[in-house]
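>>> Can you look at this prediction? I've put the sequence above it.
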Amino acid sequence: DAGITQSPRHKVTETGTPVTLRCHQTENHRYMYWYRQDPGHGLRLIHYSYGVKDTDKGEVSDGYSVSRSKTEDFLLTLESATSSQTSVYFCAISFTGTTAGNTIYFGEGSWLTVV
Amino acid sequence: SQQGEEDPQALSIQEGENATMNCSYKTSINNLQWYRQNSGRGLVHLILIRSNEREKHSGRLRVTLDTSKKSSSLLITASRAADTASYFCATDTLYNNNDMRFGAGTRLTVKP
């Protein structure tokens, strides 16, 4: 295991409520990512971070915000959850950016259901 | 939008047989990676092939890359029941170094 902990692992929430998912790493990797996985879509990048307080948007960033105040923690926030955000969310880390061809290590996922 | 698309979507074989999965992508890449995902788990990196490479091996895995056709294949030889999983290809994009694009995956079932 790559030393990535996601919390919570499972959550059911109501439409319109805020939700924060946490990713914690013990590898001191610079890059951290949040992906969502939906049937038929594979994994899609939501946001990523390339350092403390340095973040950028991915392919499906609308409705999500992120924060990284410490190297080891990357938070994903749904300000007002919608049913379309029901998904499995994966945190990932890499030592350098993906162009360098470094392996991305994935967490075990957080199952979020918005009812 | 998806960069990589795997084919077939599902594959069922007997233990001992070879399994071949294909991945096609749309834009030029620096590298292509294959990942495996067991049900209910995160993805695990299998192998990386760079755009200037044509073939790589790792144990029972063989990956080929044809940049002229924008396609890659993953061959698993002498498959085992434990190889049952979903397999994804992922490509980077030349214009966004950190936006790895994943396909929807091939679901492989190896029957004992």
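Good, I have the coordinates.

>>> Distance-wise, check the spatially most central residue of chain A relative to residue A:28.
Nearest residue to the geometric centre of chain A (Cα atoms, centre = their mean): residue A:34, 2.4 Å. Counting by Cβ to Cβ, to the nearest Å, the gap from residue A:34 to residue A:28 is 19 Å. Using the backbone N, CA and C atoms, a C-beta is placed for each residue, glycine as well.

>>> Which element, helix or strand, includes the residue nearest to the centre of chain A?
Assigned by DSSP states H and E, residue A:34 belongs to strand A:31-38.

>>> Partner strands of the helix or strand just after that strand, with direction?
Sequence-wise, the next helix or strand downstream of strand A:31-38 (DSSP H and E) is strand A:42-51. Using DSSP bridges, strand A:42-51 pairs in its sheet with strand A:31-38 (antiparallel), strand A:54-57 (antiparallel).

>>> what comes into contact with strand A:42-51?
By Cβ atoms under 8 Å, 6 or more residues apart in numbering or on different chains, the residues outside strand A:42-51 that reach it are A:30-38, A:55-61, A:64-66, A:68, A:71, A:74, A:76, A:89-90, A:97, B:2, B:4, B:43, B:88, B:90, B:98-105.

>>> So for it, what gets flagged as buried?
A:42-50 (16 or more other Cβ atoms under 10 Å in any protein chain shown).

>>> Adding distance to residue B:109, write those out as JSON lines.
Formatted as JSON lines, those follow (distance: Cβ to Cβ, whole Å):
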{"residue": "A:42", "distance to residue B:109": "19"}
{"residue": "A:43", "distance to residue B:109": "21"}
{"residue": "A:44", "distance to residue B:109": "25"}
{"residue": "A:45", "distance to residue B:109": "28"}
{"residue": "A:46", "distance to residue B:109": "30"}
{"residue": "A:47", "distance to residue B:109": "34"}
{"residue": "A:48", "distance to residue B:109": "33"}
{"residue": "A:49", "distance to residue B:109": "37"}
{"residue": "A:50", "distance to residue B:109": "38"}
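
>>> partners of the residue nearest to the centre of chain A in the sheet?
residue A:47, residue A:91.

>>> Test my guess that it contacts residue A:67.
No - judged on Cβ atoms under 8 Å, residue A:34 makes no contact with residue A:67 at a distance of 11.2 Å.

>>> got any residues that touch both of these two?
residue A:74.

>>> Which strand or helix spans residue 20?
Assuming you mean chain A. Per DSSP H and E: strand A:19-25 holds residue A:20.

>>> ah, I was thinking of chain B
Assessed by DSSP H and E, residue B:20 sits inside strand B:19-25.
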